[in-house]
Structures are given as structure tokens and as C-alpha cells.
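Colleague: take a look and give me a structure for this.
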Amino acid sequence: MDLVDRFHQQVGRTPDAVALVDDGHRITYRELDAHADRLAHRLRDHGIGTEDVVGSALPRGRQALTGLLAIMKAGGVYLPLDGSYPHDRLAHMVAVSGARLVLGPDGFGVPALPPEAEPGTSAEPGPGREPGAGPAPAQVAAPERLSSLDAVLCVIFTSGSTGRPKGIGLPSRTIENVADWAMRVPGPRVCAQFCSLGFDMSLQEIFGTLLAGGSLVTVPEETRKDPFLLLDLLERENVERLYLSPSFLRQLAGAHLSRPERPRLALREVIAAGEPLRVTDEVRRFLTEAGAALENQYGPSETHQATANPLPGGPQDWATDPALGTPIPDVTIHLLDDRLRPVAEGEVYIGGRGVARGYVGQPALTAERFVPDPFAPVPGALMYRTGDRAHRTPDGLAFLGRVDDQIKVRGFRVEPAEAEAVLAAHPEVKEAAVVARRTPEGAWRLDGYAVGPASSATLRAYLADRLPDHMVPATVQTLDRLPLNPNGKIDRAALPAPGDRHLDTPYTAPRNDQERVLCAVFAEVLDVQQVGVDDEFMELGGNSLSAARVATRILGEFGVRLPVSLVFREATVRGLAVAVEDAVLAEIEGLGAAEVEALLTPENDA
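Modeller: Sure thing, here's the model as predicted:
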């Protein structure tokens, strides 16, 4: 049985249990299954069959989940298309994957099929049904199953060193193996669906929950960027399991601890994945108060999850830099040298049930990274060459770094060469370089450099139109020339530090104590030497995570909670200082947090 067969079994066991909580709607397993069946039949009517790729640009929540299940029920291959990505990038993903159809309003070059219905949209409740849940659709028979465990069910795109993203074909067995690991704890769970649908960890969230009879809670896009809003959602919906990147875990911990009155959370498990985990004192305090266990997971998208380290003991016992852990069942890990000989410290090769089919439409790259597995008990098996270096410890693998320039930014794999290629393509750029640097917190960021007449602001806007947010360099400096080494290549170590002032905006000093505090907060959070009151947050290298840190610091400094989105909207210290003053006055007048937030929304700015 593949994933879809197992989902059908779960529907039969718990038809009236809540499968999804989305924007106040509670959708049962029976309803979700029925809507997915109807859409699957429509896909079949449009010629979708075994391993036909179908893109899904549907919004997070009930629409996206219905689309995912329908594509798989029809025998097709699910291609998630994140609406926050630039249009050209999505069109490239659709073209490279060979998608025949896209669910959503825009086909990105192929026919589009908007869903005719979705669960939870009717205003008329039926007998015994929750208001707002909507009537169940007319039941139709599930489409005849066409796929197998070896059939590709999903294509996930990651950054590519050639300047273009590459798509990974994940078969049913890969996703099912990870879902089984997520289900090892008996009993259903209420799990937040936090991860981006373009990140393979979302598949573990979804199927590790639905195959166990649990409930998924949709995390809206704005909430995914605001730790304060996420804490509200976790408390309101009694979320028990949460997957997120270590970077956002630190932001969530800081937001929790900055609150005078702590939310009462039902968290039992927090799973960190996507980048190396660092357990800070704030993370320890947060999980101690929440009473939640912490698990460190590792695995590139080419194998999905490969290892796990459920940290032993209590938070006071956890190492600051915990090991990646040991392989999950049916996965093998080898540390090999360049001749594929086992070594104590070497490159990580992953074999077993979790290895993907390869890269879609790129046979040469597939042959380079997916190599014959000489250790497998069956002939013809492959293992994936990760490019990660590690050594073994009593707690499992310990990560040592990369054999190339690849990094992880906010849980996403990033090849600096891809961002560099896009920057170099600007018509006013003669030369370009993009380098990766560590932030004070130990996370990675990109910094760009260009030779040419275009301004820094123009170049960052150009990059933002062509790259996902996590791939846009935090800063772009314009130089008269790029430094070269004796061999005539770019001397990346000699490029000026991003802390040097490089903005096009003239420096304006703070005029009062409030602006001085905010300038200091910006400088510390963004790791820059000097901040003026008119410097743009994004131009200084700001992103969603650093905006969350600014909002947390504002709560600590001024005692008011501002929406993270406000940091982007006001953009400068001058504008943010006015918002802080409005919020402080509102607090003095006795307004509640929700009323303060409403006061600061754009429609009330007048």
C-alpha cells in the first residue's frame, strides 16, 4: 500500500475526526477525502494519470491539502508552487518538471484548473455539523489506483549551483518511510502545518499526522513570519507537535520569554530541521516552560529525513550543538572518502529506502550525485552523495560542514552561485559576486557585490523579483572593481565587510531617545555599524526573522507588542518610532493588544 491507500484506511477508521483546522473551519477526514476524490476525478478527466506532473499554486490550508491529495489520488505527481516565489521562477519550475496542468488561477505556461469547490466554504451548516464547516460534498467513488511505492509522488525544487533550481523526484516509499518515523509515538497529534509547501518537511507534517488520525492546523502565511502570532495560534488550537527551522525556533523562544504573561501551551514535541541546531539558553527556558521534548533531524531533500536525535533528558541536559543523530529505519549512512572507502570522518552518503529517483530532466547531474551503492544487499541500489561532512559520535553523526559552498538559510538550501548568476545578469552589472557569511547568531546570510552604475536599491529590487526571499542577499554593495587574487580570480576574502556603510541614503542621526534606542536595536539585530533614522530596514539586510527579533526587542525596550509586518511596513526608524509612540499611548489609554494592533493597521493610519 502507498500513502494514498493508507490515507483511505485512516478515513475508514476515523471518518468524523477533525483532519484539518483552517481559518476557524474544522474539516473531517470524510469531508477532506470526498473533496479530494471529486477533484481527482476532474484531473483524470483532463488526462492526468500515472506520474503526470501537476503543479499546485493553491493557497495554504484546505485548498492546498485538497489539491495535494487529489493529485496523488489521480496517480499524478504533486509539484508545490509557493505563491511567494517570483513568477518567472515558478514558470521555470513548471517547464523543467514537465507539468501538464496547474491547479490555481495561473498556469505558468500550461493549462490552469481552478478547483470548483473546497471543504469549509459554505455558510449553511448541516445537521450535526459545526457552523462554517460547510456541507459535505456528494460522495463519489475514489479513482482507481494507478501508482505504486516506487512511483514518484512529489517534485521538490531546491537551489542549483548552475543558476537555476533543480527538481527532485520523491517516490511514495521515501515519504512513507519518514511518515512512519513521525508516527512512532502512539496516538494522534494536533500538529501545526508550519513549513512552506515547497519544503519537503511539510510532507512529514502532513502525512505523519493524517496517517495517524491526527489533526493538522494551518499556519497562515503572516503567522509563519511572526512568532507572537504563532504563539497565539499554538495556544488557541492546543497544538502538540511543531516542526520548524532552528532559526525560527530561537525567534519563537525569544518572543515567548519576552511576554510578561506567558501563553499556556500544549506542546509535547518540537522537531527542528533544515539547518544545524543550536540550543541556546532561551530555547532551553522556552521548552522547559512549555514542557516539550526537542528532536534534531537531518536529511537533504534528495532523501527527505535521514537521521534523528531525540535529545535525551531535560533541557538542562541538552548539548549546545547536538549531534544529527542516528539513521531512521530503512536508511543507511556511510562516511566515505573520494574513493568510496569507509572513513571515521568524511562525506556523508545516504542509502536505503529513502533515496529519491533523481533530478527531473537532468540525467547527468543525477548520475553525478546518485551513485551505485556498493554496501546495499540488493543489486542496482543507489546512494546519494550529500556534500556534507561529518564524523561519528556516541549520539550519532556530528556535522562538520560542506565540501562545497552550499549553505542553509532559514532551513532552505541555497547555492550562492545561483544568486550570483542572477545578479550578474542585470544589464548594468559588469561583474558580480555573492558570498556567504555567518551572522552573530551563527546562521548564514548572503552578501552581494556588483560593479556598474546601478544602485544598491535597484539591484536588490531586481533580485527580489527573480529569487525567493531566502535567496536574496541581505546586502548588495556597489564597487568600482572586485578584488582579485594573483591568479586573476575574485578574492572573496578581500570583499568589504557588510558592516561598512554602503547605503544610497545619506546618514541622518537620531533626534530623541526613542529613535536612539531603535537605531541601536536595528544595528545590533542587523549587525551593521551605523543606522540612520531614514535607512530602510530591507536595505540594511532585514528579513522576516530579523523583523521578528526587532519586534521582540521593542517589546522588551518599550513594553508594547507590535506586529512583525509593521517593521516591514514602516521600514525606517523614523516611521517605526511614530508607531511605537502610538502603541505606547494606546497602552496608557487602556486598549487591549488586539485593539492596539488594529490601531496600527494601514486602514487606521489616517
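Colleague: residue contacts, residue 347?
Modeller: The contact partners of residue 347, taken as CB atoms under 8 Å, 6 or more residues apart in numbering, are 335, 336, 337, 338, 385, 386, 387, 388, 389, 403. Backbone N, C-alpha and C define where each C-beta goes, glycine included.
Colleague: for the stretch 401-550 of the chain, which spans come out with low pLDDT?
Modeller: 440-441, 499-504 (pLDDT under 70).
Colleague: could you pull out the helices for it?
Modeller: For the stretch 401-550 of the chain, helices defined by DSSP state H, counting those that start in this stretch occupy the ranges 416-424, 456-464, 513-526, 544-558.
Colleague: pull out the buried positions in the first one.
Modeller: Read it as helix 416-424. Residues 416, 417, 418, 419, 420, 421, 422, 423 are the ones in helix 416-424 that count as buried (16 or more other CB atoms under 10 Å).
Colleague: ok, now how distant is the fourth one from residue 171?
Modeller: What it means is residue 419. Residue 419 sits 30 Å away from residue 171, taking CB to CB, to the nearest Å as the criterion.
Colleague: swap in the third one?
Modeller: When distance is defined by CB to CB, residue 418 is 26 Å away from residue 171.
Colleague: and for the first one?
Modeller: When distances are taken as CB to CB, residue 416 and residue 171 turn out to be 30 Å apart.
Colleague: work out the gap between stretch 103-114 and the centre of the chain.
Modeller: 23 Å (CA atoms, centre = their mean, to the nearest Å).
Colleague: could we number from 867 for the rest of this?
Modeller: Sure, I'll start numbering at 867, so the last one becomes stretch 969-980.
Colleague: buried sites along it?
Modeller: Across stretch 969-980, burial judged by 16+ other CB under 10 Å covers 969, 970, 972, 973, 974, 976, 979.
Colleague: show me what contacts the second one?
Modeller: Spelled out, it's residue 970. Counting by CB under 8 Å, 6+ apart, residue 970 touches 921, 922, 923, 924, 947, 978, 980.
Colleague: what about the residue nearest to residue 1176 when sequence neighbours are not counted, which SS state?
Modeller: Nearest residue to residue 1176, sequence neighbours excluded (CB to CB, 6 or more residues apart in numbering): residue 1161, at 4.6 Å. The three-state assignment at residue 1161 reads strand, by DSSP: H, G, I helix; E, B strand; the rest coil.
Colleague: where in this protein is pLDDT low?
Modeller: 981-1005, 1011-1015, 1028-1029, 1052, 1306-1307, 1365-1370, 1453-1472.
Colleague: domain-wise, how is it divided?
Modeller: Split into domains by automatic domain parsing, the chain comes to 1197-1268, 1281-1360, 1379-1470.
Colleague: from the chain's centroid, how far away is the last one?
Modeller: Looking back up the chat, that one is domain 1379-1470. The answer for domain 1379-1470 is 25 Å, by CA atoms, centre = their mean.
Colleague: name the residues of the host helix or strand of residue 910 that are buried.
Modeller: Here residue 910, judged by DSSP states H and E, is contained in helix 895-911. For helix 895-911, the buried set under the neighbour-count rule, 16+ other CB under 10 Å, comprises 895-910.
Colleague: same for the helix or strand just after it, what does it pack against?
Modeller: Proceeding N to C from helix 895-911, the next assigned helix or strand is strand 919-922, under DSSP H and E. The helices and strands touching strand 919-922, judged by 3 or more CB pairs under 8 Å, 6 or more residues apart in numbering; DSSP states H and E, are helix 928-939, strand 943-946, helix 953-963, strand 967-969.
Colleague: residue 1299: which of those is closest?
Modeller: Checking these against residue 1299 by CB to CB gives helix 953-963 as the closest, at 21.6 Å.
Colleague: pull out the buried positions in that closest one.
Modeller: So for helix 953-963, counting by 16+ other CB under 10 Å, buried means 955, 956, 957, 958, 959, 960, 962, 963.
Colleague: ok, stretch 1246-1263 next?
Modeller: 1247, 1248, 1249, 1250, 1251, 1252, 1254, 1255, 1256, 1261, 1262, 1263.
Colleague: show me where the stretch 1067-1216 of the chain has its strands.
Modeller: 1081-1084, 1107-1110, 1135-1138, 1159-1164, 1173-1176, 1192-1193, 1197-1202, 1211-1218 (DSSP state E, counting those that start in this stretch).
Colleague: let's have those in a markdown table, adding distance to residue 1321.
Modeller: Output for the strands of the stretch 1067-1216 of the chain, formatted as a markdown table (distance: least, CB to CB, whole Å):
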| stretch | distance to residue 1321 |
| --- | --- |
| strand 1081-1084 | 39 |
| strand 1107-1110 | 35 |
| strand 1135-1138 | 38 |
| strand 1159-1164 | 41 |
| strand 1173-1176 | 45 |
| strand 1192-1193 | 50 |
| strand 1197-1202 | 47 |
| strand 1211-1218 | 42 |
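Colleague: mind checking those for the one nearest to residue 1062?
Modeller: The nearest among the strands of the stretch 1067-1216 of the chain, by CB to CB, is strand 1107-1110 at 10.8 Å.
Colleague: does anything pack onto that closest one? Which helices or strands?
Modeller: Going by 3+ CB pairs under 8 Å, 6+ apart, strand 1107-1110 lies up against strand 1056-1059, helix 1067-1076, strand 1135-1138.
Colleague: list of residues touching the last one?
Modeller: Contacts made with strand 1135-1138 from outside it, assessed by CB under 8 Å, 6+ apart, are listed as 1051, 1055, 1106-1112, 1115, 1153, 1156, 1158-1163.
Colleague: the second one now?
Modeller: Outside of helix 1067-1076, the residues that reach it under the criterion CB under 8 Å, 6+ apart are 869, 873, 876, 885, 895, 931, 934, 946, 1020, 1036, 1041-1042, 1044-1045, 1047-1049, 1054-1055, 1057-1062, 1081-1082, 1107, 1109, 1139-1140, 1170-1171, 1277.
Colleague: ok, the most far-flung residue of the chain relative to its centre to residue 1136 distance?
Modeller: Taking CA atoms, centre = their mean, the residue of the chain most remote from its mean C-alpha position is residue 1352, at 40.4 Å. For residue 1352, the distance to residue 1136 equals 49 Å [CB to CB].
Colleague: kindly report the same for residue 1302.
Modeller: For residue 1302 relative to residue 1136 (CB to CB), the value is 27 Å.
Colleague: also residue 938?
Modeller: Taking CB to CB, one finds residue 938 at 28 Å from residue 1136.
Colleague: what does residue 940 give?
Modeller: Residue 940 is 35 Å from residue 1136, by CB to CB.
Colleague: which of those two has more neighbours?
Modeller: residue 940 (30 against 21; other CB atoms under 10 Å).
Colleague: show me the contacts for the more buried one.
Modeller: Residue 940 touches 906, 907, 909, 910, 914, 915, 920, 1009, counting by CB under 8 Å, 6+ apart.
Colleague: how about 10 Å then?
Modeller: Contacts here follow CB atoms under 10 Å, 6 or more residues apart in numbering; on that basis residue 940 touches 870, 902-903, 905-916, 918, 920, 1009-1013.
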